[in-house]
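Q: Pasting a predicted model and its sequence here:
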Amino acid sequence: MNDSVHTPQHFAALFEPRGVVVAGASTHPGKFGFVSLHNILASGYAGKVYATNRDGASVLGIECLTSIDDLPDGDVDLMFVCTPAAANPGLLRSAAAKGVKAAFLTTAGYGEAGDEGRKAEQELVALCEELGILLVGPNGQGVVSTPARLCAQIVAPYPPAGGIGVASQSGNFVSSFLNWSCATGVGISRAVSAGNASATTVADLLDFYSHDPATTVALAYMEGIEDGRSVAQTLGRVAAEMPTVIMKGGATAGGARAAASHTGSLATDDRTFEGMCRQSGVTRAGTVEEAFEAAATFATQPSPRGNRVVVMTTAGGWGVVTADAITRHRDLALVDLPDDLRAEIDKLLPPRWSRSNPVDLAGGETRDTIPEVLGLIAAHDGVDAIIHLGLGIQSNQARMLREGGYHGPEGDDTWGIQRIVAYHERQDARFASAAAEISDATGKPILTATELAVAFPDNAGPAAVRSAGRLCYPSADRAVTALGHLVKRSRFLQRRAP
Amino acid sequence: MPRTLSEAESKSLLAPLGIPFAPEEVVTDPDAAVDAANRLGMPVAAKLCGDNIAHKTERGLVRLGLSNADDVAAAAADLLAAARDEDNATGVLIAPMVGGDRELIAGASTDEQFGPTVLLGVGGVLAEAVADVSVRLAPITDVDANEMIEDLQSQAILGEFRGQPAVDREALVAVLAGLSEAISAPASNGATILSVDLNPLIISDGRPVAVDALVELEEAS
């Protein structure tokens, strides 16, 4: 962590710049120098946008300057660099003179390209330090900041606004997380691919997020770790402030351990990293889906008080498999349905319902049963969280009815199809919003899972889950995994509460 | 230069930190070995003790379950005869046999990236095969230590087991706390402890007892 350039003012220049200049804009729509300028303009960024190129061409209606020296003084905080490495020192000096405080470098050919590149990269870091410029990259993909409607990156997508702050050692995984954000509607605050991370590391970015009012959850992809102690300290600080989810790729270089040390040889680097995560309250995820869904769950669900889970389902098999997954999960407990809760539910359902956990309604529901039963379960003191299955089945049939050739033009409802389609969709939307409302009212997580979220994202059920600002999990197993992370974090905080 | 301490020295360095060891004596001839075995109560184990003996079992320098004076005397004589110059042998260590069906391992080491760490794992002959271990960066809190125990997949062996009581978790937490202290703070005379191995840590009547210890030190220069 470099105190002189990692100040709140420098990060504000990166994430909330008053103006942005793209250095090395291109008229060729296949080039990064075009795409990045396009994305900045297309995402609706409200600040001043400038661009430079050698011949002063017009790109997307922006008259390019031929030199950074022609920028007005103090108008631009962020320089987005798409120029070759050789041009960069001069650009940075000129930019600093114009008041630029942050530079994002997409330029490749630095540390990843051998000894010469490493030397050039060290010089770059020293120069930015001297100029007081926050350097991000080089060899990075870009920076996204939804509060500023800024999409300064050389690829799509631009995600919806939300609370998740992404920092990644790989641009690909920034894209993955942003794509999942677009798919699920759970939004992003900031996202940065740190590239070679020569001056600003993933840990530095997470440290900023932990103080950033726009960010409520930190999500990171990390590879090699050089100074493990310092990273551990930063992660501990960040995770004390907000849920912090990390996916780690690759094993770090094996330590030179004493061959005699039996226990030392058992403690692989990965176990040490794992232990560090457990100790600092970091949520570790093994896959990109798990990482995004854990972050999205932290961003959208309340923190559970304990680990007692009830499954509510409208169909048997799903409930059984979900019960298995909860039972196998070391941090979750499938509670015995409390007698008083069973008696309450008895009043709402015909006798064939499961009368146990999973609460299988067995098709016994009438118009209001689902929200009512969900409400009873959530209100019970012996329950900490609910997995809700079976949403969207009726709307899926409604879709088939609509598309099946018998639907008829609006107002000509010969077969009564239009009326039932509208009813099914209204009901599923209602169940989804009821789940979110009950969760809010009781402060207990309710996770809704159905593959319809992926198969038919427009299905009224999953669509309403998204509208309620929650994640519709594509399978019960993934909901159980996400809930496990929520429970572990909550237990971590409780055990260490002062 | 890092150097390893003898088992007896390792134990005397760790005992004040709360690591539980069985009583033991280091003797230098067969007659004294028999006297020690009588004092400690047979059956006993006899091991060659010296600075640089890291692989006692592999070299056949450990004799277990010696239950009469003749066996103890013979074992002591054999072990002393097996000592090589480089072992820096100081004698034969006599200790009572510690009974227990469950073995854990515990240790501390210095990770290249993360610095001092503490480890707890399932021990015994299958330790490496099952690789059920939990690691934390030192220093650890008691909450961390409890979570290390929880992390082990083989929770069944921590409960009641073959007629023996459940593992005393507080006692195990104390072992981990002692290891954390050993690896975090300089040892006496300014030396730095680079690693500690307690292998095995036998669960005897529910309580952990370290029957072997190996400390690796970096002397102050």
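A: On my side now, so go ahead. What you are looking at is a predicted structure, and each value in this text was computed from that prediction instead of being measured.
Q: Quick check: the nearest residue to residue A:312 once chain neighbours are set aside vs chain B, distance?
A: Residue nearest to residue A:312 in three dimensions, not counting chain neighbours: residue A:359, with 4.7 Å by Cβ to Cβ, 6 or more residues apart in numbering or on different chains. In short, each C-beta sits where N, CA and C put it, glycine included. As judged by Cβ to the nearest Cβ, to the nearest Å, residue A:359 and chain B stand 29 Å apart.
Q: doesn't residue A:349 make contact with residue A:359?
A: No. Judged on Cβ atoms under 8 Å, residue A:359 makes no contact with residue A:349 at a distance of 9.0 Å.
Q: ok, the residue nearest to residue A:312 - how many residues close by?
A: For residue A:359, the count of nearby residues is 26 (other Cβ atoms under 10 Å in any protein chain shown).
Q: Now do the contacts for it.
A: A:310-313, A:319, A:337, A:345, A:353, A:373, A:377 (Cβ atoms under 8 Å, 6 or more residues apart in numbering or on different chains).
Q: just checking, what packs against the worst-scoring helix or strand of chain B on mean pLDDT?
A: When each helix and strand of chain B is scored by mean pLDDT, DSSP states H and E, helix B:127-130 comes last, with a mean of 78. Secondary-structure packing of helix B:127-130 (3 or more Cβ pairs under 8 Å, 6 or more residues apart in numbering or on different chains; DSSP states H and E): helix A:262-266.
Q: I'd like the next helix or strand past the helix it packs on.
A: Following helix A:262-266 in sequence order, the next helix or strand is helix A:269-280 (DSSP states H and E).
Q: Please enumerate residues in contact with that following helix?
A: By Cβ under 8 Å, 6+ apart, helix A:269-280 touches A:225, A:228, A:232, A:235-236, A:239, A:246, A:248, A:251-255, A:282-284, B:111, B:113-114, B:117, B:133-137, B:140, B:144, B:147-148, B:151.
Q: and residue 171, how many residues sit next to it?
A: This is for chain A. 23.
Q: um, chain B though
A: Residue neighbour count, defined by other Cβ under 10 Å, stands at 15 for residue B:171.
Q: what's near enough to touch it?
A: B:20, B:207-208.
Q: Filter those residues down to the ones in strands?
A: B:207-208 (DSSP state E).
Q: Check residue A:265 and give its pLDDT.
A: Looking at residue A:265, its pLDDT reads 46.
Q: Next, see if the longest strand along chain B gets close to chain A.
A: Assignment by DSSP E gives strand B:192-204 as the longest strand of chain B. Yes. Applying Cβ under 8 Å from any Cβ of the partner chain, one finds strand B:192-204 in contact with chain A at B:194-195, B:197, B:199.
Q: Mind checking which of the contacts of helix A:269-280 land in helices?
A: A:228, A:232, A:235-236, A:239, B:144, B:147-148, B:151 (DSSP state H).
Q: As JSON lines, those with neighbour count would be great.
A: Formatted as JSON lines, the ones in helices among the contacts of helix A:269-280 follow (neighbours: other Cβ atoms under 10 Å in any protein chain shown):
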{"residue": "A:228", "neighbour count": "21"}
{"residue": "A:232", "neighbour count": "24"}
{"residue": "A:235", "neighbour count": "26"}
{"residue": "A:236", "neighbour count": "16"}
{"residue": "A:239", "neighbour count": "24"}
{"residue": "B:144", "neighbour count": "23"}
{"residue": "B:147", "neighbour count": "19"}
{"residue": "B:148", "neighbour count": "25"}
{"residue": "B:151", "neighbour count": "20"}
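Q: Going by contacts, tell me the helices and strands next to the helix or strand containing residue A:172.
A: Per DSSP H and E, residue A:172 falls inside helix A:171-184. Other helices and strands packing on helix A:171-184, by 3+ Cβ pairs under 8 Å, 6+ apart, are strand A:142-145, strand A:161-168, strand A:188-193, strand A:217-222, helix A:288-300.
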